[in-house]
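>>> With the sequence up front, the predicted model follows.
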Amino acid sequence: MFEDRTYKRTFYSAPQSVTSLVAAFLEPAITVVTFLIANAYFDEPIHRPELTLCLLVFALTFPGRNRFRDNLIAAGVDIVSSWVTLVAILSLCAYATRSFGYFEEDALVAWVIATPVLQWLAVWLGQKVVRHRSALPEARRSAIVVGAGPLGVKVARALTESDDQGVDFIGYFDDRTDDRVHDSATTKRLGGLKDVAEYVSAHGIREVFITLPLGSQPRIVELLEQVQGTTASLFFVPDVFGISIIQGRLQDMNGVPVVGICETPFTGTNELAKRVSDIVLATIILILISPLLLAIASGVKLSSPGPVIFRQRRNGLDGEEITVYKFRSMTAQDNGPVVRQATRDDPRITPFGAFIRRTSLDELPQFINVLQGRMSIVGPRPHAVAHNEEYRRIIKAYMVRHKVKPGITGWAQVNGHRGETDTIEKMQARVEYDLEYLRNWSIGLDLQIIVRTIRLVFFDRKAY
């Protein structure tokens, strides 16, 4: 479902490094510059509070991807949703710390309105510039693919699908006969491996992508020795796309190159940013909703006999078993080796329980789990231990979703996969979205998910 898109984004970024760098820093820079201009327009000096706010928004407005490659409408929606969420969080922080008085109200209003508009205009202009530059003859790069199998075809498709790549795909080289290569590659097959170096030199090929299987190592070594006598850039594409790649990247381990295939996105500064944002947001939210928590607890207690809080056994980070809190919504709860999911019109659900499940209010105690470090605000939803044992055997890469802490809300839930998963296909779709989240995590993506979750709380009817 997401394989081709993930391949393009993860493994073909080196030639686009300058464009990606500009795209990454453009929105944070616009946010800060717009703030400074708004303050200058209203004759407001820049002191320590203003500088602190600039540093904060600069760090939190990095987009999760290169928007120069996005659809303009999708980019606009993402920019606005991320910005609204960030402003809401900053407003809550300002309210909790009573720091609104440090800033000029008119300047703040102008900044809040102008920033997303200018960000979208910058993305639009950036796309125009990138496409214009890619169309220039001197900016085009010719490329060939060595290996005309399924992986080679996938690489060729990735090279040619986007207008901003600036690549002219020429054709394939493979020693196999036409009846043994991929059907779509036969018409563009230019020769065998022995012809590659000569063709590269004769036609000024700029990039060579090698997609031969690892079993062809002697041929690969011989080919590299030949092509390294040219000026072409060489890229080796390992045939690892039969597995789910999470945060694939090349690392250095004491001088030894190591290719990461499946790794958590939360390492180093990412881990710190994720944990700090979880603690800050969970603390603020718990303070603000404390009266609501008391009201729901009273409603649960009065609606049926039993405890207010139900403790569920779930698998957390790296599959470790954790205890997750929820407001009790049923007269009986399964928490053993066999767990039956709630269904529509389930007789076990109390009337008050149906209300708090439909509005997701039963999940609010999990903000305590976030402060405990067992969960995150955004991440794959935790499933019952019994369900994990069942699905890990029948769904490919199912347990990879445990490379991060489970979340109160997640990418799958805001994309329509919320509620009962009564078929293997539904669970498989949910897992695909969870893995997509791991591949593409960013603070901006987390903010987008939070905004969409708030909308779902009021308008979604799939939960019960």
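Yep, that arrived. Residues are numbered from 1 along each chain as shown.

>>> Surely Ile408 and Pro365 touch.
No - counting by Cβ atoms under 8 Å, Pro365 is not a contact partner of Ile408; they are 9.9 Å apart. In short, each C-beta sits where N, CA and C put it, glycine included.

>>> Looking at the two, which is more packed in?
Ile408 (26 against 21; other Cβ atoms under 10 Å).

>>> what stretches of the stretch 151-300 of the chain score poorly on pLDDT?
Residues of the stretch 151-300 of the chain meeting the criterion pLDDT under 70: 162-165, 214-216, 239-261.

>>> no wait, the stretch 301-450 of the chain
In the stretch 301-450 of the chain (pLDDT under 70), the answer is 332-347, 419-422.

>>> if we go to 80?
For the stretch 301-450 of the chain, the stretches with pLDDT under 80 are 331-348, 397, 418-422, 443-444.

>>> can you give me the helices in it?
Per DSSP state H, counting those that start in this stretch, the stretch 301-450 of the chain carries helices over the ranges 351-358, 366-372, 385-391, 424-440, 443-459.

>>> before we move on, which element is Asp78 in?
Element membership of Asp78 [criterion: DSSP states H and E] is helix 72-97.

>>> Report the inter-axis angle for that helix versus helix 443-459.
90 degrees (axes from the mean of the first three to the mean of the last three Cα atoms, to 10 degrees).

>>> Quick check: buried residues in the helix or strand following helix 72-97?
Heading C-terminal from helix 72-97, the first helix or strand you meet, by DSSP H and E, is helix 105-135. Buried residues in helix 105-135, counted by 16 or more other Cβ atoms under 10 Å: 107-108, 110-112, 114-116, 118-120, 122-123, 126-127, 130, 134.

>>> What of stretch 191-199?
So, applying 16+ other Cβ under 10 Å, buried residues of stretch 191-199: Leu193, Val196, Ala197, Tyr199.

>>> residue contacts, the first one?
Taking Cβ atoms under 8 Å, 6 or more residues apart in numbering as the contact definition, Leu193 lies against Val146, Phe173, Asp174, Asp175, Arg219, Glu222, Leu223.

>>> Mind doing that once more with 6 Å?
Taking Cβ atoms under 6 Å, 6 or more residues apart in numbering, we find Leu193 in contact with Asp175, Leu223.

>>> Quick check: the gap between it and Thr409.
Separation of Leu193 from Thr409 (Cβ to Cβ, to the nearest Å): 50 Å.

>>> Ok, Pro218 next?
51 Å.

>>> Identify the residue nearest Tyr172 in space, chain neighbours excluded?
Spatial nearest neighbour of Tyr172, chain neighbours left out: Ala148 (4.1 Å); criterion: Cβ to Cβ, 6 or more residues apart in numbering.

>>> So what's the residue count around the one you found?
27.

>>> Now do the SS call for it.
Put simply, Ala148 is coil when judged by DSSP: H, G, I helix; E, B strand; the rest coil.

>>> Let me know the helix or strand that Ala197 is in.
Judged by DSSP H and E, Ala197 forms part of helix 196-203.

>>> Now the element after that helix, going C-ward?
strand 207-210.

>>> buried ones in whatever helix or strand comes next after that next one?
Under the assignment DSSP H and E, the closest C-terminal helix or strand after strand 207-210 is helix 217-227. Neighbour counts over helix 217-227 (16+ other Cβ under 10 Å) mark Arg219, Ile220, Leu223, Gln226, Val227 as buried.

>>> Looking at these, which one is closest to Gln372?
Ile220 (49.6 Å; Cβ to Cβ).

>>> so who does that closest one touch?
Leu212 are the contacts of Ile220 under Cβ under 6 Å, 6+ apart.

>>> hmm, back to that, what angle do the helix holding Asp78 and helix 105-135 make?
Orientation of helix 72-97 against helix 105-135 (the same axes, to 10 degrees) gives an angle of 150 degrees.

>>> In stretch 372-392, which residues are buried?
Result for stretch 372-392 [16+ other Cβ under 10 Å]: buried residues 374-388, 390-391.

>>> distance between the ends of it?
Taking Cα to Cα, to the nearest Å, stretch 372-392 runs 27 Å from one end to the other.

>>> cool, stretch 66-78 as well?
Stretch 66-78: ends 12 Å apart by Cα to Cα.

>>> ok, the residue nearest to Gly306 when sequence neighbours are not counted - contacts?
Spatially, and ignoring its direct neighbours in sequence, Gly306 is nearest to Arg328 (5.8 Å; Cβ to Cβ, 6+ apart). By Cβ under 6 Å, 6+ apart, the contact set of Arg328 is Val300, Gly306, Phe310.
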